[in-house]
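K.L.:
Provided below are the primary sequence and the corresponding predicted coordinates.
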Amino acid sequence: MKNEFKVIADLIEQDKKVLDVGCADGILMKFLKDNKNTNIRGLEISKDKVQECIAKGLTVIEGNAEKDLKQFPNKSFDYVVLSQTLQAFLNPELVLNELLRVGKKAIVTIPNFGYWKVRFHLLFKGTMPITKTLPDEWYNTPNLHMCTIKDFFHFVKSRDIKIFKSLALNNLNTSLINEGNLGIKNLFADLGIFLIEK
Amino acid sequence: MNIENNIKKLIVNKPLKLDCGKTIKDFPIAYETYGSLNSNKDNAILVFHALTGDQYVTGINPITNKDGWWSYAVGPDKAIDTNKYFVICSNVLGGCMGSYGPSNKDPDNQNIFGTNFPVITINDMVNAQYNLLDHFGIDKLFSIAGGSMGGMQVLQFISNFPDKSKTVIPIATTSSHSAQNIAFNELGRQAITADSDWKDGNYASNNKNPGKGLAVARMAAHITYLSKKGLQEKFGRKLQEREDLKFGFDADFQIESYLRYQGSVFVDRFDANSYLYITRAMDYFDLAKQFKGNLSNAFIKTKAKFFIISFTSDWLYPTQENKEIVIALNSIGADVGFVEIKSDKGHDSFLLNVPDFLNAIKNFLDKSYAES
């Protein structure tokens, strides 16, 4: 299991009710179910991925986060997880609001466009950056709204969303982000993980 | 030897009050079982059949000598594995394969019921079938499953008996019959009643059978079970055993010949009055209405795990209608999974060899059983 999922799982206590939005093949879901006794549900747009989840014995609903989150009642989950997908929605703000409505807390991870390798790629090569967390070409990337850790940090602050914890990931290294080290973390982390609440 | 005598029947002695107000008692429910009930009695799956199905789910149907209607899904090592599970299916109330229906005799006057049989509902059907649990001494089913009208019975069953099944699989179904569904059923009923051999429903005592009307009803309905793409790929404009058009009204096209065949074989196995009664039961089905317009309340008492399945090319019970059930369940925090299976085979997909569908059911059942 990738380090990002381990960090997410560490943020979730035992016996909670969790919705994994864009749960893909259900690796995080399975881990939470087996190790944290999580009452876990998934929402996934790909039919093939839904089938993989069913084969793992996971409860998943085929659907689109932009349309299908509205069926869940307010605060019906302890945590709602959105891993590296926010930037792929037509309207990320709307989805973020929905996550915070449905979940008592939300865990959102974003691939950091401010990571030094991304900046160097654009600066020296002059082409759209391709990295481990941003593997696609400009013409086939699902990402519509790339942002940096700094962008996201400022965004949630401006919307009165409370940040419980923000973490910077660089390979296996995890560190806390705060106002003071934001600039540095924005340069050296390729992934940001935010535990938020509204 | 009369094959009819070999139909397994449970005579229900307990009076059953029907939605129409009448009460029936000492009535037969015909059923069949596959696999064996384990000693814990926790491996039973109650399967509900659709409009024209019967209790002969798999293997060779002894009445028609054809494969059972869900042979792709049910059997040893199949999606619903009868090496593992004990599958029960009964003919619905109002049916014509041994359960109490319009072709039975009225105990009051010994005349064949015909249209004097009480109008029955999906609710009546499941209340009648519930008696099978007592018959087999099953306290709780492992699963209930069914497509189309079978799915309606699944929804009604878990609503009526919220703690009687661990898992629930409604397939290609709806929580209330749409205007379009009612319209197609009415077309079928009109075809039957317009046949001069129908005789106001008393065709049996007149030694007649409204076969032409019933065949037309079947042909019209059959079109709704397929998709435009599926029909086009299978038949296109191909001609039936001829080089060119004949400039007449014989079956020039293969699709015509196919529908005529479907109509004619159906007449041999199905009772016209049963068709009227069962389609009526479907039209009357509106689960939300039973709960003052709030579908969620139909499921509020159950802790069962739901798995809802629809098909991309099903325009009779489209994905949106299946999703409404998912939404109703999610809004009360129920345990519900949902998948829309890609298939060109229309509504009939649930009866056919659609691997993604069959795998999904198998995985859902086997994983749920392992956890239970």
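P.N.:
That came through, no problem.
K.L.:
Name the SS class of the residue of chain A most remote from its centre, please.
P.N.:
The centre of chain A is farthest from one residue, A:F124, which by Cα atoms, centre = their mean lies 29.0 Å away. The local conformation at A:F124, judged by DSSP: H, G, I helix; E, B strand; the rest coil, is helix.
K.L.:
Now for it: which residues touch it?
P.N.:
When contacts are counted by Cβ atoms under 8 Å, 6 or more residues apart in numbering or on different chains, A:F124 touches no other residue. Quick note: C-beta positions are derived from backbone N, CA and C, even for glycine.
K.L.:
now swap in B:W69 and tell me
P.N.:
B:H49, B:A50, B:G53, B:D54, B:Y56, B:V57, B:N61, B:L351.
K.L.:
neighbours around the third one, how many?
P.N.:
The number of residues packed around B:G53, counting by other Cβ atoms under 10 Å in any protein chain shown, is 26.
K.L.:
what's the closest non-adjacent residue to it?
P.N.:
B:W69 (4.5 Å; Cβ to Cβ, 6 or more residues apart in numbering or on different chains).
K.L.:
ok, now the first one?
P.N.:
If you skip the residues right next to it in sequence, B:H49 has B:G150 as its closest partner in space, 5.4 Å away by Cβ to Cβ, 6+ apart.
K.L.:
Would you list the phi and psi of A:S166?
P.N.:
The phi and psi values for A:S166, taken as degrees, to the nearest 10, are phi -130, psi 130.
K.L.:
That one and A:A189, how far apart?
P.N.:
Using Cβ to Cβ, to the nearest Å, one obtains 10 Å as the distance from A:S166 to A:A189.
K.L.:
which two in the contacts of B:W69 are spaced the farthest apart?
P.N.:
B:A50 and B:N61 (14.5 Å; Cβ to Cβ).
K.L.:
Mind checking which of the two has more residues around it?
P.N.:
The residue with more neighbours, out of B:A50 and B:N61, is B:A50; 27 against 20, by other Cβ under 10 Å.
K.L.:
Work out for me the element the more buried one sits within.
P.N.:
Secondary structure assignment for B:A50, by DSSP states H and E: no helix or strand.
K.L.:
And it, how close does it get to chain A?
P.N.:
Per Cβ to the nearest Cβ, to the nearest Å, B:A50 is found 23 Å from chain A.
K.L.:
I'd assumed B:S148 was in contact with that residue.
P.N.:
Yes: between B:A50 and B:S148 there is a contact under Cβ atoms under 8 Å: 3.9 Å.
K.L.:
quick check, the residue nearest to B:G53 in a helix?
P.N.:
No: read with three-state DSSP, B:W69 is coil and lies in no helix.
K.L.:
and the stretch 201-350 of chain B, which residues reach chain A?
P.N.:
For the stretch 201-350 of chain B, the residues in contact with chain A (Cβ under 8 Å from any Cβ of the partner chain) are B:305, B:307, B:326-327, B:330-333, B:335-342.
K.L.:
Counting only helices, which of these make the cut?
P.N.:
Using DSSP state H, the members of those that fall in helices are B:V326, B:I327, B:N330.
K.L.:
what about the second one, how many neighbours?
P.N.:
Neighbour count of B:I327, defined by other Cβ under 10 Å: 19.
K.L.:
Does it touch A:F72 like I think?
P.N.:
No: using Cβ under 8 Å, B:I327 and A:F72 do not qualify as a contacting pair, with a distance of 9.3 Å.
K.L.:
and the closest residue to chain A within chain B, what helix or strand is that in?
P.N.:
Closest residue of chain B to chain A, Cβ to the nearest Cβ: B:K367 (3.1 Å). Assessed by DSSP H and E, B:K367 sits inside helix B:355-371.
K.L.:
Could I get the full set of helices for the chain?
P.N.:
As the question left the chain open, I've gone with chain A. A:3-11, A:27-36, A:47-55, A:65-68, A:92-102, A:116-120, A:149-158, A:182-188.
K.L.:
ah, I was thinking of chain B
P.N.:
B:122-129, B:131-136, B:149-160, B:179-193, B:211-225, B:228-234, B:254-269, B:272-284, B:287-290, B:319-330, B:355-371.
K.L.:
Out of those, the one nearest A:N112 is which?
P.N.:
Across the helices of chain B, closest to A:N112 is helix B:319-330 (Cβ to Cβ), at 32.9 Å.
K.L.:
now the angle between helix B:149-160 and that closest one, please.
P.N.:
Interaxial angle, helix B:319-330 versus helix B:149-160 (axes from the mean of the first three to the mean of the last three Cα atoms, to 10 degrees): 10 degrees.
K.L.:
ok, residues contacting helix B:319-330?
P.N.:
So helix B:319-330 is contacted by A:61, A:71-72, B:155, B:170, B:172-175, B:178, B:288, B:295-296, B:298-299, B:306, B:308-312, B:336, B:338, B:340 (Cβ under 8 Å, 6+ apart).
K.L.:
With A:L82 as the reference, measure out to the closest residue to A:S46 other than its chain neighbours.
P.N.:
With Cβ to Cβ, 6+ apart as the criterion, A:S46 has its nearest non-adjacent residue at 7.6 Å, and that residue is A:A24. According to Cβ to Cβ, A:A24 and A:L82 sit 12 Å apart.
K.L.:
Same question for B:G114.
P.N.:
In terms of Cβ to Cβ, B:G114 sits 61 Å off from A:L82.
K.L.:
who has more neighbours, the two?
P.N.:
Shown here are B:G114 and A:L82; by other Cβ under 10 Å, A:L82 has more neighbours (26 against 20).
K.L.:
Isn't that one up against A:G22?
P.N.:
Yes: counting by Cβ under 8 Å, A:L82 touches A:G22, with 6.4 Å between them.
K.L.:
Next, show the common contact partners of the two.
P.N.:
Joint contacts of A:L82 and A:G22 (Cβ under 8 Å, 6+ apart) are A:A65.
K.L.:
buried residues in stretch B:68-78?
P.N.:
Neighbour-count burial for stretch B:68-78, counted by 16 or more other Cβ atoms under 10 Å in any protein chain shown, picks out B:G68, B:W69, B:W70, B:S71, B:Y72, B:A73, B:V74, B:G75, B:K78.
K.L.:
Many thanks, we can stop here.
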